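Novice: Predicted structure and sequence below. I'll ask about it afterward.
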Amino acid sequence: MELLVLVLLAVTSATGIKEMALDMAPNAFDDQYQDCSDELVEELLALNRSELGPNSNYSKAWDDATVKWHSHPSLGSLRWKEEAIALLAYTLETDLYKEFNRAVPLAGQSRQEYLDKFHFKVVHFLLTEALDDLRDAQTHPRCLHVYRGVRGIRFTAQPGDIVRFGQFTSASLSKEVAKSFGTDTFFELDTCHGAAIRDFSFMPWEDEVLIPPFETFNVTSVTHQGDKTHIQLRPHGVYSKYNCAWLRGDIPGVGTPEVGCVDRAGVAPGHQLCWEREVCSEAADGVAELCVWHWTAPAALLAWDGIGRDGMG
């Protein structure tokens, strides 16, 4: 066993490429803020002032994005200017996106972890809402065919696996742009929950599509050419452990789940939205008390480290 580990380390050191399996990311914070965004917005925007204070990279990116937005104020289908500013801040060449995407895959370990140690609550909320608003625009396609290039990591998966990225993930409408970020692993996929953010990006030429951490995908093909891996994904649904965690205190993994799925109207065939009902306690009359609803899709969850805004390149 020790010899095998040494051989693997030697291969990684010699090639500079890590090999990683696409597997569960149970600790990702994946709130969709279903039915609570209007209630949350005032509280979280007030919180933004305190989150900006101790984080200089966050503060600088937010300030630069605010200046950029005010120079050409446009909302498009976004409801709040802060959504546009959050998208601009995310696409800046600063350390904000790196720190943010390192934090998201770990912030869902528990609600306490999210409350105490996740210092990007506002950015997470605003990006989630922004993608939802952009996707709901009448001119936005219901699904997008995109590409994602990764440098320095070779992912392994099997056709039929259900995976998710477990963080906000950058892809591009342009295959050539995606290849410029890396080809050690190259993804070709359709996303039905991601949105094109070109109009709110510091780098519009990238034709970026941002995919939320809760969207799930079916691995349909894995091919190899030399030391390169090509993975094709099709949309499967969504998976979220948390919903409105800031307000409701959802705790994952509690109670007895009841799970069901339905086809999501207006989305690609086979794209399902699922739910998980948890019975948390019993009332005095013996009737189960409904505690938490989680919108999910049965899935193996995915997260990885990478290079670039979220590991795209």
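Specialist: Okay, I see it. Since we're looking at a predicted model, the values are computed, not measured.

Novice: Okay, helices next: where are they in the chain?
Specialist: Ranges of helices in the chain, per DSSP state H, are 2-15, 37-52, 56-71, 81-91, 96-103, 111-117, 121-136, 175-180, 245-248.

Novice: hey, which of those helices is tucked in deepest?
Specialist: Among the helices of the chain, helix 81-91 has the highest mean neighbour count (mean count of other Cβ atoms under 10 Å), at a mean of 25. Yep, even glycine has a C-beta here, placed from its N, CA and C like the rest.

Novice: That one - contacts with which helices or strands?
Specialist: If you count contacts as 3 or more Cβ pairs under 8 Å, 6 or more residues apart in numbering; DSSP states H and E, helix 81-91 packs onto helix 56-71, helix 96-103, helix 121-136, strand 208-211.

Novice: Flag the shaky bits of the stretch 1-150 of the chain, pLDDT-wise.
Specialist: 1-15, 24, 54-55 (pLDDT under 70).

Novice: still on that earlier bit, take the helices and strands packed on helix 81-91 and write them to a markdown table, including distance to residue 80.
Specialist: Below are the helices and strands packed on helix 81-91 laid out as a markdown table (distance: least, Cβ to Cβ, whole Å):
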| stretch | distance to residue 80 |
| --- | --- |
| helix 56-71 | 11 |
| helix 96-103 | 19 |
| helix 121-136 | 8 |
| strand 208-211 | 17 |
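
Novice: can you tell which of these is closest to residue 167?
Specialist: helix 96-103 (5.0 Å; Cβ to Cβ).

Novice: gap between that closest one and the chain center?
Specialist: 12 Å (Cα atoms, centre = their mean, to the nearest Å).

Novice: Next, the angle from that helix to helix 56-71.
Specialist: 130 degrees (axes from the mean of the first three to the mean of the last three Cα atoms, to 10 degrees).

Novice: Helix 96-103 versus helix 81-91: what angle between them?
Specialist: Using the same axes, to 10 degrees: helix 96-103 against helix 81-91 is 90 degrees.

Novice: got the angle for helix 96-103 vs helix 121-136?
Specialist: Using the same axes, to 10 degrees: helix 96-103 against helix 121-136 is 100 degrees.

Novice: which stretch among the helices and strands packed on helix 81-91 comes nearest residue 154?
Specialist: helix 96-103 (19.5 Å).

Novice: and the residue nearest to residue 100 when sequence neighbours are not counted, what does it touch?
Specialist: Closest residue to residue 100 apart from its sequence neighbours, by Cβ to Cβ, 6 or more residues apart in numbering: residue 120 at 5.0 Å. With contact set as Cβ atoms under 8 Å, 6 or more residues apart in numbering, residue 120 has these partners: 51, 58, 99-100, 103-104, 107.

Novice: What is the burial count for the nearest residue to residue 235 once chain neighbours are set aside?
Specialist: Leaving aside its sequence neighbours, residue 235 sits nearest to residue 192 (Cβ to Cβ, 6+ apart; 4.4 Å). Residue 192: 22 surrounding residues under other Cβ atoms under 10 Å.

Novice: Would you agree residue 192 is in contact with residue 143?
Specialist: Yes: between residue 192 and residue 143 there is a contact under Cβ atoms under 8 Å: 4.2 Å.

Novice: picking up where we left off before, can you redo the helices of the chain as a markdown table with distance to residue 156?
Specialist: Shown next, in a markdown table, are the helices of the chain (distance: least, Cβ to Cβ, whole Å):
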| stretch | distance to residue 156 |
| --- | --- |
| helix 2-15 | 13 |
| helix 37-52 | 37 |
| helix 56-71 | 33 |
| helix 81-91 | 29 |
| helix 96-103 | 21 |
| helix 111-117 | 28 |
| helix 121-136 | 28 |
| helix 175-180 | 20 |
| helix 245-248 | 32 |
